[in-house]
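Engineer: Output the structure for:
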Amino acid sequence: MKRSVPEWLSLLPAALSDSDAAAAAAAVVVAVAVTVASSLDRRKSRLLHDNAMIVDSLSSSFETFKGNA
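Structural biologist: Numbers count the residues shown, from 1 in each chain. The predicted structure follows:
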């Protein structure tokens, strides 16, 4: 299956020949990269917190089980 190139993508080389457009494109790429990295960092922090809560819960359940045995 052949995919066609989106129209905006075919205009990119012409736009990047202009230094202002190239600088703007670079700024957009950096902004997107920072946003993605920040989102991944928040997700990682949330997962670490969730994992810590699970471990605490399991530890508490194990201590309760051990105390009842």
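
Engineer: the bottom helix or strand of this protein by mean pLDDT?
Structural biologist: Least confident element among the helices and strands of the chain, by mean pLDDT, DSSP states H and E: helix 12-16 (a mean of 67).

Engineer: Could I get the average pLDDT for the helix or strand that that helix is followed by?
Structural biologist: Counting by DSSP states H and E, the element after helix 12-16 in chain order, helix or strand, is helix 19-68. The pLDDT scores in helix 19-68 average 86.

Engineer: From the centroid of the chain, which residue is nearest?
Structural biologist: residue 40 (3.3 Å; Cα atoms, centre = their mean).

Engineer: Which residues are in contact with that residue?
Structural biologist: The contact partners of residue 40, by Cβ atoms under 8 Å, 6 or more residues apart in numbering, come to none. For the C-beta atoms, the positions are set from N, CA and C on the backbone; glycine is no exception.

Engineer: Make 352 the first number, not 1, from now on.
Structural biologist: All right, first residue 352 from here; so that's residue 391.

Engineer: what's the spacing between it and residue 384?
Structural biologist: Using Cβ to Cβ, to the nearest Å, residue 391 is found at 11 Å from residue 384.

Engineer: go on, residue 408?
Structural biologist: Applying Cβ to Cβ, the value for residue 408 to residue 384 is 36 Å.

Engineer: same thing with residue 413?
Structural biologist: Applying Cβ to Cβ, the value for residue 413 to residue 384 is 43 Å.

Engineer: Residue 419 now?
Structural biologist: Taking Cβ to Cβ, one finds residue 419 at 53 Å from residue 384.

Engineer: what does residue 410 give?
Structural biologist: Residue 410 sits 39 Å away from residue 384, going by Cβ to Cβ.

Engineer: Equivalent analysis for residue 401, please.
Structural biologist: Noted for residue 401: a distance of 26 Å to residue 384, by Cβ to Cβ.

Engineer: same check, this time on residue 398
Structural biologist: For residue 398, the distance to residue 384 equals 21 Å [Cβ to Cβ].

Engineer: again, but for residue 418
Structural biologist: 51 Å.

Engineer: what's the neighbour count on residue 385?
Structural biologist: Residues near residue 385, counting by other Cβ atoms under 10 Å, number 10.
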